[in-house]
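>>> any chance you can model this:
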Amino acid sequence: MEITFDGGKVITAHTHSHIIRTDQPVSGGGGDTAPAPFELYLASIGTCAGIYVKSFCDRREIPAEGIRIIQNIEFDPQTRVPSNIRLDIQLPADFPEKYREAVIYAAELCAVKKSINNPPKFEIITSTH
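Residues are numbered from 1 along each chain as shown. Okay, here's the model as predicted:
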């Protein structure tokens, strides 16, 4: 993955064939043209859980179109980092009752969540190109 600085506060990640742009809100000196990096981080939690729930449904031929995940985040007022993240998987009324707990288990398999629970070591260096 390569990260480039693209003017103003726009920072872009280039990964495989994808380009992921970030920016800062106007209040942070940016143009608010893209999500802030922290917003992408938070979105990755819900979307990762979502792909596991979707895959669970696909394997059982259960329609997933009516499912929504509502993500609520509580922040520690002193550190300003999340202290609690709640994912509310909202299922349609006709969702099979026997799979409700299994959907929670599927969401728990999220790789982003696992990475947060077992954080990697960060190594930050400089080099000349």
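>>> so where's the longest helix in the protein?
helix 37-59 (DSSP state H).
>>> what's the closest non-adjacent residue to the spatially most central residue of the chain?
What sits nearest the mean C-alpha location of the chain, by C-alpha atoms, centre = their mean, is Ser44, with 1.1 Å. Nearest residue to Ser44 in three dimensions, chain neighbours excluded: Val112, at 5.0 Å (C-beta to C-beta, 6 or more residues apart in numbering). Where you see a C-beta, it was placed from the backbone N, CA and C, and this is true even at glycine.
>>> which pLDDT value goes with the one you found?
Here, the pLDDT recorded for Val112 equals 96.
>>> count the residues that sit near it.
By other C-beta atoms under 10 Å, the residues close to Val112 number 17.
>>> what residues does the host helix or strand of it touch?
Assigned by DSSP states H and E, Val112 belongs to helix 111-117. Helix 111-117 is contacted from outside by 44-45, 48-49, using C-beta atoms under 8 Å, 6 or more residues apart in numbering.
>>> what's the domain layout of this protein?
For the chain, automatic domain parsing gives the domain ranges 1-34, 37-120.
>>> for His129, which of these is the nearest?
In terms of C-beta to C-beta, the element of the domains of the chain nearest to His129 is domain 1-34, at 10.8 Å.
>>> which parts of the closest one are buried?
Buried residues in domain 1-34, counting neighbours by 16 or more other C-beta atoms under 10 Å, are found at 9-11, 22-24, 30, 34.
>>> could you do stretch 95-105 as well?
Result for stretch 95-105 [16+ other C-beta under 10 Å]: buried residues 95, 99, 103.
>>> again with stretch 81-96
Those buried within stretch 81-96 under the rule 16+ other C-beta under 10 Å are 87, 89, 91, 95.
>>> in stretch 51-71, what counts as buried?
In stretch 51-71, counting by 16+ other C-beta under 10 Å, buried: 52-53, 56-57, 62, 64, 67.
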